[in-house]
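In: Following is a predicted model, sequence given first.
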Amino acid sequence: MARHILPTRVAIDGPAGSGKSSVSRAAARRLGFAYLDTGAAYRALAWLALTRNTDNTQADAITALLKDFDYAIGTDPDEYFVTVGQTDVTDAIRSPEVSAAVSAVARVPAVRGALTELFRSIAENVDRPGVIIEGRDITTIVAPEAEVRILLTASEEARMTRRSAEITTQSAETVAEQLRSRDRADSQVVDFMSAADGVITVDSTHLDFEQTIEAVIDVYHTCTKRALNE
Ligand SMILES: Nc1ncnc2c1ncn2[C@@H]1O[C@H](COP(=O)(O)OP(=O)(O)O)[C@@H](O)[C@H]1O
Ligand SMILES: Nc1ccn([C@@H]2O[C@H](COP(=O)(O)OP(=O)(O)O)[C@@H](O)[C@H]2O)c(=O)n1
């Protein structure tokens, strides 16, 4: 049997609104790579908890949801979808209710362990030569051995402005406050505000969308060239 050649992994972490999903998806398209959005799984589990009226302050109750968490995600950057069982939750997991509930779900260690395994397995089995995986702990926990590791940052002001331009159903102040409070809660669990050893920071505060994609692709080329010369 032919040996399975593992895809090249590009790991991208960063705070909410730094551009992880949009930049990763666009960069994956250009490189012909798959794209794995890990936040979607935490959001989908939070959606399931809300749907079943599970008390999300109870770690045991959240953990119990994992046993029938029938989750699927599209890793083709042109065909993104998220399903739980037969339900398409692609849009539902972006609701303010899910955004407000997700950090409590993501702090449960059993949830993090199970989803980390799931991400590794999805990333290993993509049908492309590489995969861009984005989230909060990809460079440190999910794929610390990734060939390319990037921390994508932007000033708090830039991140709030970008996110509130996307969300028109809430005031800019509400969006900013919710983003701040989610980052605060999330950063108690994993550190995505500073780059771990060997992780390259791309600060997009003064870059437009296109320049940010180019900066990420430049880092990819630098890291892969360096690896070839070693
Ligand atoms: N460098 C940039 N300049 C301007 N807007 C950007 C830039 N990067 C991303 N955006 C926009 O900011 C918004 C938030 O980006 P998103 O990819 O959802 O961030 P994250 O996944 O980190 O939360 C999106 O509307 C995206 O198009
Ligand atoms: N690798 C990851 C990815 C997301 N998450 C959690 O999932 C939530 C949603 O992630 P996301 O990437 O969709 O969030 P945005 O930054 O796109 O708003 C985060 O607020 C974290 O609580 C995590 O804990 N670890």
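Out: Arrived safely, thanks for sending. Numbering: from 1, shown residues only. Ligands and ions are numbered 1, 2, ... in the order given.
In: Phe33 - how many residues pack around it?
Out: Per other CB atoms under 10 Å, the neighbour tally for Phe33 reads 24. C-beta here means a position set from N, CA and C on the backbone, and glycine is covered the same way.
In: which stretches of this structure have low pLDDT?
Out: Filtered on pLDDT under 70, the chain yields the residue ranges 1-3.
In: One more pass at 80, please.
Out: 1-4, 227-228, 230 (pLDDT under 80).
In: what does the chain have sitting close to ligand 2?
Out: Applying CB under 6 Å from any ligand atom, we find that the chain lies next to ligand 2 at 16, 21, 38-39, 42-43, 102-103, 106, 135-138, 182, 186.
In: Dig out what the residue nearest the centre of the chain forms beta bridges with.
Out: The geometric centre of the chain, computed from its C-alpha atoms, lies nearest to Gly135 (CA atoms, centre = their mean), at 2.7 Å. Under DSSP bridges, the beta-bridge partners of Gly135 are Asp13.
In: Provide a list of residues in contact with it.
Out: Neighbouring residues of Gly135 by CB atoms under 8 Å, 6 or more residues apart in numbering: 12-13, 20, 37-39, 119, 142.
In: Those residues into a markdown table, with extra columns for distance to Thr87, secondary structure and neighbour count?
Out: Below are the contacts of Gly135 laid out as a markdown table (distance: CB to CB, whole Å; DSSP: H, G, I helix; E, B strand; the rest coil; neighbours: other CB atoms under 10 Å):
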| residue | distance to Thr87 | secondary structure | neighbour count |
| --- | --- | --- | --- |
| Ile12 | 28 | strand | 28 |
| Asp13 | 29 | strand | 29 |
| Lys20 | 25 | helix | 24 |
| Asp37 | 18 | strand | 22 |
| Thr38 | 20 | coil | 24 |
| Gly39 | 18 | helix | 17 |
| Phe119 | 21 | helix | 22 |
| Val142 | 25 | helix | 24 |
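In: ok, and which of those residues reach ligand 1?
Out: Contacts with ligand 1 within the contacts of Gly135, as defined by CB under 6 Å from any ligand atom: Lys20.
In: quick one on the thing from earlier: between the residues of the chain next to ligand 2, which is nearest Asp78?
Out: Each of the residues of the chain next to ligand 2 was scored against Asp78 by CB to CB, and Ser21 proved nearest at 14.2 Å.
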